[in-house]
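**Q** predicted model, plus sequence, below.
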Amino acid sequence: MLFIAQHLVLVVSRAQIVMHMHDAYRRVNQSNGHQLGASRIGVFVSGPSKTADIEQSLVLGVHGCRTLEVFLTP
């Protein structure tokens with residue numbers, strides 16, 4: 001769904017936010033019952049992508065959604 005959707009909305013608990021990507025990978029591995037270094041498939045979404053070709057034509061959402069809204073819950 002992350003790659004098909006044009007507009008994506010995520011609802012995230014503030015308690016789930018970590019400071020570093022190392023912590024994020026550690027949390028993904030621990031929450032799935034795997035040890036660090038175990039082979040896992042996952043996706044980290046940072047927001048809409050954009051690119052411009054040689055003709056300087058700007059395209060939004062080339063590698064995923066066009067817009068991303070993140071709502072934080074207490």
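**A** Perfect, thanks for sending it. For clarity, every value in this text was computed on a predicted model and none was experimentally measured.
**Q** enumerate every residue touching residue 9.
**A** By Cβ atoms under 8 Å, 6 or more residues apart in numbering, the contact set of residue 9 is 68, 69, 70, 71. In short, each C-beta sits where N, CA and C put it, glycine included.
**Q** let's see that with 6 Å instead.
**A** Residue 9 is in contact with residue 69, counting by Cβ atoms under 6 Å, 6 or more residues apart in numbering.
**Q** what do you get for the one 4 residues further on?
**A** Counting by Cβ under 6 Å, 6+ apart, residue 13 touches residue 73.
**Q** which residues does it form beta bridges with?
**A** As for beta bridges, residue 13 partners with residue 73 under DSSP bridges.
**Q** where do the helices of this protein begin and end?
**A** 21-31 (DSSP state H).
**Q** all strands for it, in order.
**A** For the chain, the strands defined by DSSP state E cover 7-13, 50-52, 58-60, 67-73.
**Q** ok, the residue lying closest to residue 21 once chain neighbours are set aside - how many residues close by?
**A** Leaving aside its chain neighbours, residue 21 sits nearest to residue 44 (7.5 Å; criterion: Cβ to Cβ, 6 or more residues apart in numbering). Close neighbours of residue 44, defined as other Cβ atoms under 10 Å, add up to 8.
**Q** how about the CA coordinates for stretch 5-23, as CSV?
**A** In CSV, the C-alpha atoms belonging to stretch 5-23 read as follows (Å, rounded to 0.1, in the frame of the first residue of the first chain):
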residue,chain,number,x,y,z
ALA,A,5,-1.1,5.1,-2.6
GLN,A,6,-0.9,8.6,-4.1
HIS,A,7,-1.6,10.3,-0.7
LEU,A,8,-0.6,8.6,2.5
VAL,A,9,-1.6,9.3,6.1
LEU,A,10,0.2,7.8,9.1
VAL,A,11,-0.9,7.9,12.7
VAL,A,12,2.0,7.3,15.0
SER,A,13,2.2,7.3,18.8
ARG,A,14,4.8,9.7,20.2
ALA,A,15,6.1,6.9,22.4
GLN,A,16,7.2,5.0,19.2
ILE,A,17,9.5,7.8,17.9
VAL,A,18,13.2,7.2,18.3
MET,A,19,16.2,9.5,17.9
HIS,A,20,18.4,7.5,15.4
MET,A,21,17.9,4.9,12.6
HIS,A,22,20.0,2.5,14.6
ASP,A,23,17.3,2.6,17.3
